[in-house]
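Q: Here you go, sequence then predicted model.
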Amino acid sequence: MAALEQTFVTENAEIGPTRSINSQPRILSLNITNKSPQLLGWIIRLLCFFWDYTESNFTTFVIPNSSFGLLSALASSVLSEGSRPSTKNLLWRAPLVVLFNWFNVLNFDLANQRSPKSIQEDRLNKPRRPIVAGKVTVDQTRRAMLATIPAAWLFNYALGVWKQGASIQILTWMYNDLEGGDEIIRDLIISIAYGMFNSASLEIALGSGQAGQISRRGIIWTAIISMVILTTMQVQDLKDQAGDRTRGRKTIVVFFGERASRTSIALFVSFWSLVCPIFWSTGPLGYLIVGTPGAWVAWRVTRKQGPAEDCKTWKSWCLWTVALYFMPIAYLLGF
């Protein structure tokens, strides 16, 4: 309990101009003699503590990846070796899919936000993040990881997706500790990670046994989505250029220039908006489902610039990827 008391902090502390990020904010203490009321409050504060790290990635990463698993499970007759799970089972497993994505993203964010370069970047791009905002220290974040990483391994094993979970941890280590996220291979690491998250989400949604085995077509579809991520994920870097240049990160927009990056995003979004419906042999409605948000993203990325507009384009891109995840369902419905 003493270790936990040194790990988790309140949200009230702030970093002033002369305050170090390693100085100690006011600590959350837990008096076990007061039992349930204080314990409940401590748990809520603990969850809020973790939420602060993942808030920016929840709607743009956790929700889309969870959507891939759940929507693909509805088309399990073409994406898995088993039969379609019942609506009851799918609804029961939906929170597990979301929790898997959030828990593993949490470990990524804890590792990512504690590095000196990330702190420097966050002061420019994301000043509300917990370390920069003074809610928690770097050392307390490190201590939290000593608990969350083993817990995630156990959780992934219990869900039957320990292989993807182990791969995600390796990719997290490469991206953060080996600074692969600052190299030109950054998007490659992210696209592989997406493949791990997406395939695991589908397996969790399908359930255990043969029903949870992804078919050959399902593997190909997961790989196509990873290629989509590899070629268009750079859209997220448009809004973060100031911080990326400060830390020397070799994103495509920094390395090749903003004009080349925006043009390639528009071209690849248009390309995949055609290829994915072709892969699933959908009708005109299938092309419309993907093409409409795809055209919107392509227009925005070439016409709207600036951090605020680029943030909106990034969110529009996330909605476009979710539209792609509807393609197997559109195929089954004959759209």
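A: On my side now, so go ahead.
Q: Now stretch 274-290: buried residues?
A: Within stretch 274-290, the residues that qualify as buried are 275, 276, 277, 279, 280, 282, 286, 287, 289, 290, counting by 16 or more other Cβ atoms under 10 Å. The way it works is simple: take the backbone N, C-alpha and C, and place the C-beta from them, glycine included.
Q: ok, these vs residue 86, which is closest?
A: Of all the buried residues of stretch 274-290, the one with the least separation from residue 86 (Cβ to Cβ) is residue 280, at 24.2 Å.
Q: so who does the closest one touch?
A: Residues near residue 280 by Cβ atoms under 8 Å, 6 or more residues apart in numbering: 286, 327, 328, 330, 331.
Q: Of those residues, which pair is most distant in space?
A: Greatest spatial distance among the contacts of residue 280 (Cβ to Cβ): 286 and 328, at 10.2 Å.
Q: picking that back up, can the contacts of residue 280 go into CSV with extra columns for distance to residue 53?
A: Formatted as CSV, the contacts of residue 280 follow (distance: Cβ to Cβ, whole Å):
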residue, distance to residue 53
286, 37
327, 32
328, 33
330, 36
331, 38
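Q: quick check, nearest of these to residue 188?
A: Using Cβ to Cβ, residue 327 is the member of the contacts of residue 280 that lies nearest residue 188, at 23.8 Å.
Q: Check what pLDDT the closest residue in space to that closest one that isn't next to it in sequence gets.
A: In space, and not counting its chain neighbours, residue 327 is closest to residue 280: 4.6 Å by Cβ to Cβ, 6 or more residues apart in numbering. Looking at residue 280, its pLDDT is 96.
Q: again, but for the one 5 residues further on
A: At residue 285 the predicted local confidence, pLDDT, stands at 94.
Q: How about the one 10 residues further on?
A: What the model reports for residue 295 is a pLDDT of 97.
Q: please renumber so the chain begins at 677
A: In the new count, where the first residue is 677, that last one comes out as residue 971.
Q: can you pull the pLDDT of the spatially most central residue of the chain?
A: Closest residue to the average C-alpha location of the chain: residue 737 at 3.1 Å, with Cα atoms, centre = their mean. Per-residue pLDDT puts residue 737 at 91.
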